[in-house]
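In: here's a sequence, model it:
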Amino acid sequence: MILIIAAGLLLFNFRLLKKNRIYFNDYMEHSIYGFMNMILVVACAAMSMVFLAVQLPSDKGIKIYRKSLRFLASAYLIMSAIALLVLMLDLPAVNLIPMENLIVASLQAPLFTFTLIVLINPQFVTRSYVLKQLYPTVGFIVLFLLTATRWGNPVISNLEELKLLIYHPTVMVREIFLVYYACQLVYLTRVFIRQVDNYENKVDNFFSNSFLMHLPGIRYAFYSALVVGVSTLISCFVFTETATLIFTVIYCLFYIVFGFHYIQYPRIFKDIEQAIYPPVDFCELTENVQLTWHQLKAEILHERYYLVYGVTVEQMAQYLNISRTTLATFINTEEGMNFNTWITALRTQSAEELLSEHPDYSLTQIAEAINYGDSDLPSDLRYRLA
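Out: Below is the predicted model of the structure:
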């Protein structure tokens, strides 16, 4: 299906090129650069259609992810449209601080950031917040069109020309836009890191095996996107078509790989759903508030609830007939750590006691005894037992 779409888009693009008098011989003069841009157009357009057509389970929690796919489809369509515009208008391969690159990058940066944040904190990403992040870019586009109409949009092929044109009105708009984009990357990186830290705190306070839920792939995806964003800044000062081609190849690879990884998210959503959308805490209405932490902890240790495989704060609270909020608060205040760290500490203590009693036990036997799979052992616990 994707190949059919890609072939159709490719044919359509060639017709557009002919219609705009970009003849085949002229096109072939920059065949590699033009070919890579054509691949970028087709790949982004095809992936955006995949995002819109992907079949998702009818789950209330997954509806936010469905919205994020629309955000991502928009980002890919924007990239496809700009790349197509570059081909249609036969824009120069070498142009310092090109407006088209800045427009794409400044629109893509918040869209990619928010499509990742929405996976771990759906409540954070609202329509009004997204629009606020896009308004400055729209303002720069309008300002650029006004100045370019009045004073033109000069092509700058080297630093000497940039020095001569540095105070040209349209060039100044491009320069200010470049500074804004750099600040935008810094701001979005801080927002992303803060949201990931909040998410990891949530899962650490909910799951005993939370290291499996930290979703490092989301960090990798963001930092990959950040590298592409920074490369866009660098590409604003390249002087050769070869360098421009290299950056175009990087963009192609990033958009394809990112898209295929993003559509895998529903497979892991079920595992983290409880932390993102905690179940209703019915025990809050019936819990015995007279129990002290000393009594509750004694029951946990005596019954060895902490050794239940994959136990969550919700399950342990049900064993104790208290609310998960009360239990989490007790652990945070009385033990000075989150749920995951406390459970790991108890399991480590049990493992060390078991190892002292049975020094001939293997790491696999110890892991099974404390209800960890051998591959599930946290690295710090594995190191201490090794």
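In: and the nearest residue to His358 once chain neighbours are set aside, which helix or strand is it part of?
Out: Leaving aside its chain neighbours, His358 sits nearest to Gln365 (7.9 Å; criterion: Cβ to Cβ, 6 or more residues apart in numbering). (Glycine included, C-beta is placed from N, CA and C.) Assigned by DSSP states H and E, Gln365 belongs to helix 363-369.
In: who are the packing partners of that helix?
Out: If you count contacts as 3 or more Cβ pairs under 8 Å, 6 or more residues apart in numbering; DSSP states H and E, helix 363-369 packs onto helix 339-357, helix 379-385.
In: grab the nearest non-local neighbour of Thr189.
Out: Spatial nearest neighbour of Thr189, excluding adjacent residues (Cβ to Cβ, 6+ apart): Leu226 at 6.3 Å.
In: so what's the residue count around the one you found?
Out: 17 (other Cβ atoms under 10 Å).
In: start at 34, not 1
Out: In the new numbering, first residue 34, that becomes Leu259.
In: following the strand or helix carrying it, which helix or strand comes up?
Out: Using DSSP H and E, Leu259 sits in helix 249-268. Counting by DSSP H and E, the next helix or strand C-terminal to helix 249-268 is helix 274-295.
In: what residues does that following helix touch?
Out: For helix 274-295, the surrounding residues in contact (Cβ atoms under 8 Å, 6 or more residues apart in numbering) are 63, 65-66, 69-70, 72-73, 76-77, 80, 83-84, 102, 105, 109, 112, 126-127, 145, 148, 250, 254, 257-258, 261, 264-265, 267-268, 271.
In: and if you look at stretch 223-241?
Out: Applying Cβ under 8 Å, 6+ apart, the contact partners of stretch 223-241 are 146, 149-150, 153-154, 157, 243, 246-248, 251-252, 255, 305, 307-309, 311, 339, 343-347, 357, 361, 365, 371-374, 376-377.
In: buried residues in it, which are they?
Out: Neighbour-count burial for stretch 223-241, counted by 16 or more other Cβ atoms under 10 Å, picks out 224-225, 228-229, 232-233, 235-241.
In: what residue ranges in the stretch 184-333 of the chain score low on pLDDT?
Out: For the stretch 184-333 of the chain, the stretches with pLDDT under 70 are 242-245, 272, 274, 300-323.
In: same thing but 80
Out: Scanning the stretch 184-333 of the chain for pLDDT under 80 picks out the ranges 239-249, 271-278, 280-281, 296-324.
In: now Phe225: how far from Glu385?
Out: As judged by Cβ to Cβ, to the nearest Å, Phe225 and Glu385 stand 38 Å apart.
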